[in-house]
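Trainee: Quick one, what's the 3D model for this:
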Amino acid sequence: MSMSSRQSGTQTIGSPISNEAYNVISALQAKLEGLEAYRKYAQSGGDQQLWQQLTQLDTQAVQLLTQQLEQMAQGGQLRMQQPGQTS
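Mentor: Down below sits the predicted model:
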């Protein structure tokens, strides 16, 4: 296989979603994991008020990220225009 055919074949490898959508999804996942951690920490004792306050803050962040993701989906901004291209 020549170099040019190898290069053209790799141009289609990549994420089928936009970088912005990936960032929102990644941030949402991190916040959801944080909420689960706070739940576990609160169960093990300690300062319940701290975990409750952090839960409220991250719940607000989850709501914002979810709204952003919904807007992106409705606006057709989730998918890359040309899958595999980085732009």
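Trainee: got a pLDDT number for residue 75?
Mentor: With respect to pLDDT, residue 75 has a value of 92.
Trainee: now the one 5 residues further on
Mentor: pLDDT, the model's per-residue confidence, is 79 for residue 80.
Trainee: Test my guess that it contacts residue 20.
Mentor: No. Using C-beta atoms under 8 Å, residue 80 makes no contact with residue 20, being 10.3 Å away. For glycine as for every other residue, the C-beta is placed from the backbone atoms N, C-alpha and C.
Trainee: Leaving out sequence neighbours, find the closest residue to the most centrally placed residue in the chain.
Mentor: What sits nearest the mean C-alpha location of the chain, by C-alpha atoms, centre = their mean, is residue 25, with 1.6 Å. For residue 25, ignoring the flanking residues on the chain, the nearest one in space by C-beta to C-beta, 6 or more residues apart in numbering is residue 69 at 6.8 Å.
Trainee: Now do the contacts for the one you found.
Mentor: 21, 24-25, 28, 78 (C-beta atoms under 8 Å, 6 or more residues apart in numbering).
Trainee: element containing residue 71?
Mentor: Element membership of residue 71, judged by DSSP states H and E, is helix 48-74.
Trainee: and residue 31, how many neighbours?
Mentor: Using other C-beta atoms under 10 Å, residue 31 is surrounded by 20 other residues.
Trainee: Now do the buried residues in the helix or strand hosting it.
Mentor: Per DSSP H and E: residue 31 is located in helix 19-43. Neighbour-count burial for helix 19-43 flags 21, 24, 27-28, 31, 34-35, 38, 41-42 (criterion: 16 or more other C-beta atoms under 10 Å).
Trainee: Nothing else from me, thank you.
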